[in-house]
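return a 3D structure for these sequence lines:
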Amino acid sequence: MSPSASTSTADTPGGIAPGALTGREPRVPAERLVAELVPPPRFDAVRFSTYVPDPARPSQAEAVRVLAAFAAGLGGGATAVGGRRPWWRRAPKEPAGPRGVYLDGGFGVGKTHLLASLWHATEAAPGLKGFCTFVELTNLVGALGFQQTVRTLGDHRLLCIDEFELDDPGDTVLVSSLLGKLVDSGVALAATSNTLPGKLGEGRFAAADFLREIQGLADRFRPLRIDGDDYRHRGLPASPAGYALTGGGTPTSAPLTDAAVTRAAHTVPCATLDAFPDLLGHLARVHPSRYGALTDGVRTVCLTGVRPVADEATALRLVVLADRLYDREIPVLASGVPFDRLFGDNMLAGGYRKKYFRAISRLTALARDARPDVEKRDTPDDSATAGGSGGTPPPQE
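Now for the predicted structure:
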């Protein structure tokens, strides 16, 4: 029987029948897309004060300083009760230069943490500042239409865009036009990416044919480089068995068995259980804008038979799912190949390589989150030797 199918609880500990992501067909109304323009649960409580700069990387502390000043320039400073500024206080000066800041750096250096901290630090009601991923922004335009999106976001003080990336010419023209309209309306912009703004699209499409749009986007941002190592695996004990990042010097060992994952799915509340190939097929039938809703109410995702992804379209869909799981702090328990073997050498050397490395890092962290729970339930006969556990540091993506 496929792990995606229902399983009798008679032969499973705890008797909790897991659900299946493959059995879900979420529908997301436009109103929900607008209401969810806020930092996701993982970054709901982060602030500049909770960001821990690496002393060996001065660009991290500098980023905190620059972004705090940027927030103050958007409306910081003392305000009276009720949010109104006393008449004797001057309004803050408008930020000099571009009305946008662009956080460039590798995965795991804390860009999303800082972007969410900027959102929290900006003095404006939640309905007057937005936070979304690049994919969510393009999906919003698809749901509302271009003009309605401009009207919806045009009165915002700030729009934060996480994981800014140009994957095709359509996105390039759309986002260039949209951000131009928003900046003309007075909206300040902030974005994170693994690619400098002037290099967006390289290796993914004929970016040279869209230099005007790409340069126009680049001109709206002040680049802010953040150097550093992947915090998710910095200074931690060995990663859970089977999910170590081989490039990080930690040897990998055998992963959990299908039996161990299946049993855990029947003992963890609000878990889902799917065969990895079935899940990949289901993702092809669900629009990526619905991947967040796909995980509503899920506390642990259990996967059996994880194997390398064969094609780029499937791989990119998996990246989006990994991002949504990470944002929602949903642990992932899996059997099969280690997550650092999901994407082949050609993919890891291609135009989307930074996306794939981010997905590997995030899935590995989520596997670490899930592992201590299953180790409490597991027995030596049903699982491979357990690797080191250890908690995940505060969110600093």
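
from here on, just use CA atoms for contacts and neighbour counts.
OK.

now the strands for this protein?
Here the chain has its strands, by DSSP state E, at 100-105, 129-133, 158-162, 188-193, 222-226, 271-275, 300-306, 332-336.

turn these into a markdown table, including mean pLDDT, distance to Ser177 and mean neighbour count.
A markdown table is the format used below for these (pLDDT from 0 to 100; distance: least, Cα to Cα, whole Å; neighbours: other Cα atoms under 10 Å):
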| stretch | mean pLDDT | distance to Ser177 | mean neighbour count |
| --- | --- | --- | --- |
| strand 100-105 | 88 | 15 | 24 |
| strand 129-133 | 96 | 17 | 22 |
| strand 158-162 | 95 | 15 | 26 |
| strand 188-193 | 91 | 14 | 25 |
| strand 222-226 | 89 | 19 | 19 |
| strand 271-275 | 97 | 40 | 26 |
| strand 300-306 | 96 | 38 | 24 |
| strand 332-336 | 95 | 38 | 25 |
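
what would the ones you listed look like in a markdown table with distance to Val261?
What follows is these, written out as a markdown table (distance: least, Cα to Cα, whole Å):
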| stretch | distance to Val261 |
| --- | --- |
| strand 100-105 | 35 |
| strand 129-133 | 31 |
| strand 158-162 | 32 |
| strand 188-193 | 34 |
| strand 222-226 | 38 |
| strand 271-275 | 8 |
| strand 300-306 | 6 |
| strand 332-336 | 6 |
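
which stretch among those strands comes nearest Arg32?
Proximity to Arg32 (Cα to Cα) singles out strand 129-133 among those, at 12.6 Å.

figure out how far that closest one is from the centre of its chain.
12 Å (Cα atoms, centre = their mean, to the nearest Å).

sheet partners, orientation included, of it?
Strand 129-133 pairs in its sheet with strand 158-162 (parallel), by DSSP bridges.

alpha carbons of the strand it pairs with, as PDB, please.
In PDB, the C-alpha atoms belonging to strand 158-162 read as follows (Å, rounded to 0.1, in the frame of the first residue of the first chain):
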ATOM      1  CA  LEU A 158       7.000  49.600   2.800                       C
ATOM      2  CA  LEU A 159       6.900  46.400   0.700                       C
ATOM      3  CA  CYS A 160       9.400  43.700   1.700                       C
ATOM      4  CA  ILE A 161      10.100  41.000  -0.900                       C
ATOM      5  CA  ASP A 162      11.900  37.900   0.200                       C
END
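
which other residues reach it?
74, 112, 115-116, 119, 122, 128-134, 137, 153, 187-193 (Cα atoms under 8 Å, 6 or more residues apart in numbering).
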